[in-house]
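Asks: generate a structure from the sequence data that follows.
(2 chains)
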Amino acid sequence: MAKWRRNITPYLFISPFFIGYAIFFLYPVLWALYLSFFQQVGIGSQPKFVGLANYINLFSDNQFLKALGNTTYYAAGSIFLIVPVALVLALVLFMRNLHGREFFRLFFFSPNITAGVVVGIIFTLVFSADYGLINNYLLKPLGLPAIRWLQEPVWIMPAIIILGLWRYTGINALYFMAGLQNISEEVREAAVIDGANRWQVFRYITLPLLRPTLVFVLTFAIIGSYNLFAEPAILVGAQGGPNNAGLFMTMYLYLTGFRFLKFGYAAAIGYALAVIIIVLTVIQLRLLGVFRED
Amino acid sequence: MTPATLVPTQPSVRRHSGRARRWLERILIYAALLFSVLLVGMPFIYMITGSFKFNSEIFSYPLTILPNTPTFDNYVRLLNGSEIPYVRQFGNSLYVATMQTMLTLLVASMVGWGFAKYEFKGKKILFLVLLATLAFPFQVTLVPLFLMMVRIGWLDTYWAIIIPGAVSAFGAFFMRQSMLAVPNELIDAARIDGASDWGIFWRIGLPLSRGALSVLAVLVFLGSWNDYLWPLIVLRTTEKFTYPVGLATLIGLYKVEYGMILAGAFLATLPILILFLLGRNMLLSNLTVGAIKG
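Replies: Model prediction:
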C-alpha cells in the first residue's frame, strides 16, 4: 500500500497540468489538423472533407500572401533595426561608471509591459497626420512635410515598425545586458592588452560570445512578428487598413475564423503559420551555428 | 552588476587628448540617452495629459502638451458609464487576471515540484513534451478551442479565459527550474518526521520558492491583464468584456471620444505601473533567465 502510494504521488502532482494540457492544448492541436482538411463555415454546419484544398488555396489567396508579406516585412524590421538598436543600447547601458543605469533600464523597458490595446490607442495619436506627435514635433521642425502614416499604404508598415522599436527595444536590451554579464571581463581585457581596439573587441570577442543571447533574441523577434495582433488591429483596424497594408498573420487568422467563421480554412492558416515559424526558427538557428559542434 | 570596460587604455603620450575625447564621448552618450528617454516617454506623457483635455483641444492646432483648459470631464463620463461600463469592465479584468494568476501558480508549482523532486516512469518524455510546447505557436489552437468553448457552453464566460489560461507550459518550466534548488536534505528530514508528500510541498516547497512564485505571479497577471485577442474571441456581451475589449469598442464609435479613450487607457495602465514598481528588481533579474540558458 505504502509503495503503491509512493509510486502514484508524482503523477498526482503533475496530473492537473497534464490533464489541462491534454484537453486545452493537445486535443485542440490535433483537432485543428483534422479541421484543416475540411470546409466548415459557421457554427453547427456540417464539415465537408476537401483534402488539401485549404492548403492549396492559401497559395492563391491574395490576402494571405499580403499578410505573409507584411509579417515578413515587420520581421525584417525587427531583425535589422530593433535588435541592432537594442544591442547598441545594451552596450551603452553596460558602460563603466554610467550614472542612472537602473533608471534607464527600467524606463526603456516600460513600453513592453503596457497593454497592446493601450499602445495602439496612444500611437493612433502619435501617427495622426494632422494632430500627431511625429509630424508636428519631429518632422515639422526639420522642415519635412507631414506623412499620412496610417492612411497611405506605403507608410503603414514603417509606422508599425516604429511602434515596435518603441515597444521592444527595451526588453531586447535587457536580454543583451544579461548576456553581456555572462562574458568574463578578463577575456576582453586580455584582448585590449594585446592591442585590440574597441571595434575589434566587440567584433571578435563580445559578439561571438553573445551568440546564445543573439539566437534567443532573434528567434523571439520572428515569433513576435507572427504574434502581433492588438497594436495593428487598433491602429489600422482588424482588416489591416487601406489596401490591407497593415494586415498581419494573426489578424488574418482572426478575420477568417471569427469574422467570416471559415473554421476549416482558419485552421489551415494556423498550421501554415506554425510550419513557417518552425522552418524560420530552424533556418535561423542553423545560420547562427547552434547545431554546429564546437 | 559588474560593468565591463569597453574603453581601451590609452598610451601615455596621447593621454591628454584621449581624456578630452572621452569626456566628449560621455557627454554625447548622455545626450543621446536623454533624447531617447524623451522619445520613449513622450507618448506616455501625451496619453496622460490628453486624458485631461477636451476632444476639441486634442484635435486642434497648435498641439499642446499640457492642457490649456484642464478638465475631469473625460474621467467623469468614463466612470459613470455614459458610453461603456468601464468600471465594470475594469473589475472584470481584475477578476479574470487574479483568478488566472492564482490557478496558474497552483498548477505550475505542482507540476514543477513533481518534475523537480520526484523520479517516475515517463518523466523524461513528459518533460520533452513540455519543452516542445514552449515553442509551439498558440494560434493553431484558437479555432478548435473556440469551438470547444461553444460546445461546452463556456462562450461568454470567464471560465473560457481562466481555465485554458492556467495551463502554462512556461509556468511549469519556470517553477521546475527554481524548485530544483530546494535542498533535498530538508525534504528527507521532513519525511522522517512523518510529513506527507502534500505537506512537504505545501510547507517546504512553496515557501522556499516564494521568489519564483512572485515573479511568475507578476508575469501571468500582466499577460492576462493585457490580453486582447482571446477575450475578444470568447466574450460577447458588453458587461462581460475585459477592459481592452471595452476600450477597443470605444474606438469604433461614430462619435470620436478620444479624451475618454485616453482616460481609460491611463487608468488601465496604473495597476501595471504599481505592480512594475513594486516588483521591478526581481522582475528584471528573473526575466532574462531564459535568455542566458536559451
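
Asks: if you count residues, which helix in chain A comes out on top?
Replies: helix A:153-181 (DSSP state H).

Asks: sorry, that was for chain B
Replies: Longest helix in chain B, counting by DSSP H: helix B:15-50.

Asks: buried sites along the helix or strand hosting A:Ala274?
Replies: Following DSSP states H and E, one finds A:Ala274 within helix A:263-287. For helix A:263-287, burial by neighbour count (16 or more other CB atoms under 10 Å in any protein chain shown) applies to A:263-274, A:276-277, A:280-281, A:284. Every C-beta, even on glycine, is put in place using the N, C-alpha and C of the backbone.

Asks: ok, back up a step: the longest helix of chain A and chain B, are they touching?
Replies: Yes. With CB under 8 Å from any CB of the partner chain as the criterion, chain B is reached by helix A:153-181 at A:166, A:170-171, A:174-175, A:177-181.

Asks: how about stretch A:210-225?
Replies: Yes. Judged by CB under 8 Å from any CB, stretch A:210-225 comes into contact with chain B through A:212-213, A:215-217, A:219, A:223.

Asks: B:Arg22: which of those residues is nearest?
Replies: Set against B:Arg22, the nearest of the residues of stretch A:210-225 next to chain B by CB to CB is A:Thr213 (27.7 Å).

Asks: how about that closest one: what's its closest non-neighbour residue?
Replies: A:Gly179 (3.0 Å; CB to CB, 6 or more residues apart in numbering or on different chains).

Asks: the one you found against A:Val215, yeah?
Replies: No. The pair A:Gly179 / A:Val215 is not scored as a contact, 10.1 Å apart, by CB atoms under 8 Å.

Asks: mind checking which of those two has more residues around it?
Replies: Remark: of A:Gly179 and A:Val215, A:Gly179 carries more neighbours, 23 against 19, as counted by other CB atoms under 10 Å in any protein chain shown.

Asks: centre of the chain versus stretch B:73-89, how much separation?
Replies: 25 Å (CA atoms, centre = their mean, to the nearest Å).

Asks: scratch that, stretch B:168-187
Replies: How far stretch B:168-187 lies from its chain's middle: 21 Å, per CA atoms, centre = their mean.

Asks: not counting its own residues, what contacts that stretch?
Replies: The contact list for stretch B:168-187 (CB atoms under 8 Å, 6 or more residues apart in numbering or on different chains) reads A:17, A:21, A:25, B:104-105, B:107-109, B:111-113, B:115-117, B:127, B:130-131, B:133-134, B:200, B:204-205, B:208-209, B:211-213, B:215-216, B:220, B:289.

Asks: what of stretch B:29-47?
Replies: A:89, A:92, A:95, A:99, A:104, A:107-108, A:110-111, A:118, A:121-123, A:125-126, A:133, A:137, A:166, A:170, B:65, B:262, B:265-266, B:269.

Asks: just the buried ones from these, in ChimeraX syntax?
Replies: Here is the ChimeraX command that picks out the buried ones among the contacts of stretch B:29-47, judged by 16+ other CB under 10 Å:
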select /A:89,92,95,104,107,108,110,111,118,121,122,123,125,126,133,166,170 /B:262,265,266,269
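
Asks: least confident secondary structure element in the chain?
Replies: No chain in the question, so chain A it is. Lowest by mean pLDDT, DSSP states H and E among the helices and strands of chain A is helix A:185-193, with a mean of 85.

Asks: buried residues in it?
Replies: Going by 16+ other CB under 10 Å, helix A:185-193 has these buried residues: A:188, A:191-192.
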